[in-house]
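[1] generate coordinates for the sequence data below:
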Amino acid sequence: MAETLSKEEREAVKERAKELRAQAKAGRNREAGEKAVREEIGKLDGDDREIADGFYAVVSEGAPHLVPKTYYGMPGFANDEGKIVVFLQPASKFGSRYSTIGFEDRSTLDEGDMWATHFGVARWSEAVAEQLRELVRRATS
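    Modelled structure (predicted):
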C-alpha cells in the first residue's frame, strides 16, 4: 500500500504553494517577508509563540543580511538568493512535543564528517537564545 501524506503534511504543501505564489509576486522584498513571517508567528500560542518571537529576534539581530521568509508556513530566513538558511518548525505544526530550529545545507555548521543541523527546543530561555546566537554566527560566516 502506498504511503500518503498526513493531514498536516498536506496542509504544509498547500501552504508552500501559496507562499511561492506570494513570493513570486513580491520578489525579494524584505518588507513582504517580514509581514508574512510575523503573520505566521501571530498565529502561534504558548511556548510556540515565545520560541518563535525569540527565534525571530535572535536571527534578525545576528544575521541582518538574511531576509525573513516563510518556509512551508514556518518562520524562516533566506540568503540573498532567496534560499532558506534557518527556519523554525513550531511544535504545533506537526503535533510534536518540541519545536525545531533547522539549518539548511547552505549554512556552514560543518564539523568533520558529521554534524547536527536541527535542534529541539522545548522552551525559550536566555541559554537557548545564546546557543542560537552562536549557531547563527557559525551558520552564516
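
[2] mean confidence for the strand or helix carrying Gly54?
    Using DSSP states H and E, Gly54 falls within helix 46-62. Average pLDDT, helix 46-62: 98.

[3] other SSEs contacting that helix?
    helix 30-42, strand 74-78, strand 84-89, strand 99-103, helix 126-139 (3 or more CB pairs under 8 Å, 6 or more residues apart in numbering; DSSP states H and E). Glycine gets a C-beta too; all of them are placed from N, C-alpha and C.

[4] per-residue confidence at Arg16?
    You'll see Arg16 listed with a pLDDT of 75.

[5] how many residues are close by it?
    Using other CB atoms under 10 Å as the criterion, Arg16 is surrounded by 15 other residues.

[6] ok, Val58 next?
    Around Val58 there are 21 other residues, counting by other CB under 10 Å.

[7] and the residue lying closest to it once chain neighbours are set aside, how far is that from Ser141?
    In this structure, Val58 finds its nearest non-sequential neighbour in Leu132, 4.8 Å apart by CB to CB, 6 or more residues apart in numbering. Distance, Leu132 to Ser141, by CB to CB, to the nearest Å: 15 Å.

[8] equivalent analysis for Tyr72, please.
    Distance from Tyr72 to Ser141, by CB to CB: 26 Å.

[9] check Ala129 too.
    Distance from Ala129 to Ser141, by CB to CB: 19 Å.

[10] compare those two (neighbour count), which wins?
    Between Ala129 and Ser141, Ala129 has the larger neighbour count (other CB under 10 Å), namely 16 against 8.

[11] tell me the secondary structure at Ser96.
    Three-state assignment for Ser96 (DSSP: H, G, I helix; E, B strand; the rest coil): coil.
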